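>>> Just need the structure, nothing else, for what follows:
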Amino acid sequence: MSHIDSFKHELVGYLGIISVYHPLEDIDGDFVCTTNQLVIGGGSGEHPALVIESLVHAVALFLKEEIPNIKKLRHWESIIAPYLNKTSSELLTYYEWTEETHKEFAEMSKSDTLPCQRMRHEINDWVILGIGEFAFFSLPHLAHEIMSQLDNPYEEFLHMRYNNIMVVPPNFPVYSNGGNMFFKK
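Residues are numbered from 1 along each chain as shown. Take a look at the predicted model:
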């Protein structure tokens, strides 16, 4: 049993072999997070936890990378500007990660089994851009503060660039005590 199993949560999917969770209640223990955040790993008894501190900021950093490539979205620059005051490193809190954990995670980020391996980005940027893209397309309710300001947000996007979250299909059993985030029975 991992630490997150002591709290109500739902499975978002997997980043490589590491579970990604959405807490359904605030957690203050081996790691600290709220219901507005995501957790990669479940803490003690599982992979050490990595908390994404702000999905709104992660979406803004993703859009900052995309807007220069999509001219029709340039008017979004003023919308995302207030959310560009944090770096990727400031948006990630690593709990109980060792030097070995960091090394293994960096190696996993370049795996051929991932659809969008880390190539040119630093590891923290790669994580935040992937989570930002995932939240933009799949979890807009967790980044409502910014998403509610964007007109027709998905119209100009043609393919994914950073996301590596594998969502578990419907009807598959999951261990999370809150079930599968995307497919509730």
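
>>> switch to C-alpha atoms for all contacts and neighbour counts from now on
Will do.

>>> now stretch 151-161: mean pLDDT?
The predicted model assigns stretch 151-161 a mean pLDDT of 91.

>>> show me where pLDDT drops low in the protein?
Residue ranges of the chain with pLDDT under 70: 185.

>>> Mind jotting down where the strands sit in it?
9-15, 18-23, 27-28, 32-33, 38-40, 50-52, 92-94, 165-166 (DSSP state E).

>>> Now render these as TSV, adding distance to residue 135 and mean neighbour count.
Formatted as TSV, the entries for the strands of the chain read as follows, by distance: least, Cα to Cα, whole Å; neighbours: other Cα atoms under 10 Å:
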stretch	distance to residue 135	mean neighbour count
strand 9-15	11	22
strand 18-23	12	22
strand 27-28	21	14
strand 32-33	17	18
strand 38-40	10	24
strand 50-52	11	24
strand 92-94	15	17
strand 165-166	10	18
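
>>> Buried ones in stretch 164-172, by neighbour count?
164-168 (16 or more other Cα atoms under 10 Å).

>>> which of those residues sit farthest apart?
When the buried residues of stretch 164-172 are compared pair by pair using Cα to Cα, the two farthest from each other are 164 and 168, 12.7 Å apart.

>>> anything in contact with each of these two?
The overlap between the contact sets of residue 164 and residue 168 (Cα atoms under 8 Å, 6 or more residues apart in numbering) is empty.

>>> possible to save the strands of the chain as JSON lines with distance to residue 65?
Converted to JSON lines, these look like this (distance: least, Cα to Cα, whole Å):
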{"stretch": "strand 9-15", "distance to residue 65": "21"}
{"stretch": "strand 18-23", "distance to residue 65": "23"}
{"stretch": "strand 27-28", "distance to residue 65": "31"}
{"stretch": "strand 32-33", "distance to residue 65": "27"}
{"stretch": "strand 38-40", "distance to residue 65": "21"}
{"stretch": "strand 50-52", "distance to residue 65": "18"}
{"stretch": "strand 92-94", "distance to residue 65": "18"}
{"stretch": "strand 165-166", "distance to residue 65": "19"}
